[in-house]
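A.B. asks: how would this look folded up:
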Amino acid sequence: MSCPFAHLGLAPTYALDPAVLERAYFAALQSQHPDRTGQAASGAPLNVAYQQLKNPLQRAIILLQQQGLELTPTAAMYQSPAVLEAVFTQHELLASNPAAATLQAVRTEVDQAQALWW
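C.D. replies: Next up, the predicted model:
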């Protein structure tokens, strides 16, 4: 899977300012314009990347997949974006501090959340 962040020249992050995303999108479109490159250009990959990154849920899925977590979105996840956001938040916590106490705290929180969501 190609990286939408790379297509638009952005650093991978969940906290993506919509104005920054839009500027990056238009800059990428402009840089690939046939008048600049002399070649026929397809904006399709840029359009797909822009649409994916505009959606916080899709952005979270992309970031989790980049960390090696293969996530197949289910209808339940789309009905409750809070589920994915909670998973993503915990994943970032683990990446920043993988201490045993942190792991246990995350496990407890995930178990409690699962009981509520399923």
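
A.B. asks: quick check: mean pLDDT across stretch 64-79?
C.D. replies: Mean pLDDT, computed over stretch 64-79, is 66.

A.B. asks: Name the helix or strand for E92, please.
C.D. replies: helix 81-96 (DSSP states H and E).

A.B. asks: And that helix, what's buried?
C.D. replies: For helix 81-96, burial by neighbour count (16 or more other C-beta atoms under 10 Å) applies to V83, L84, V87, F88, Q90, H91. Yep, even glycine has a C-beta here, placed from its N, CA and C like the rest.

A.B. asks: And for the third one, nearest residue in space, chain neighbours not counted?
C.D. replies: To tie it back to what came earlier, the one meant is V87. L64 (7.2 Å; C-beta to C-beta, 6 or more residues apart in numbering).

A.B. asks: could you check the angle helix 81-96 makes with the helix or strand containing the one you found?
C.D. replies: Secondary-structure assignment from DSSP H and E places L64 in helix 56-66. If you take axes from the mean of the first three to the mean of the last three C-alpha atoms, to 10 degrees, helix 56-66 sits at 30 degrees to helix 81-96.

A.B. asks: Quick check: buried residues in helix 56-66?
C.D. replies: Quick answer for helix 56-66 (16+ other C-beta under 10 Å): L57, R59, A60, I61, I62, L63, L64.

A.B. asks: How is G9 assigned, secondary-structure-wise?
C.D. replies: coil (DSSP: H, G, I helix; E, B strand; the rest coil).
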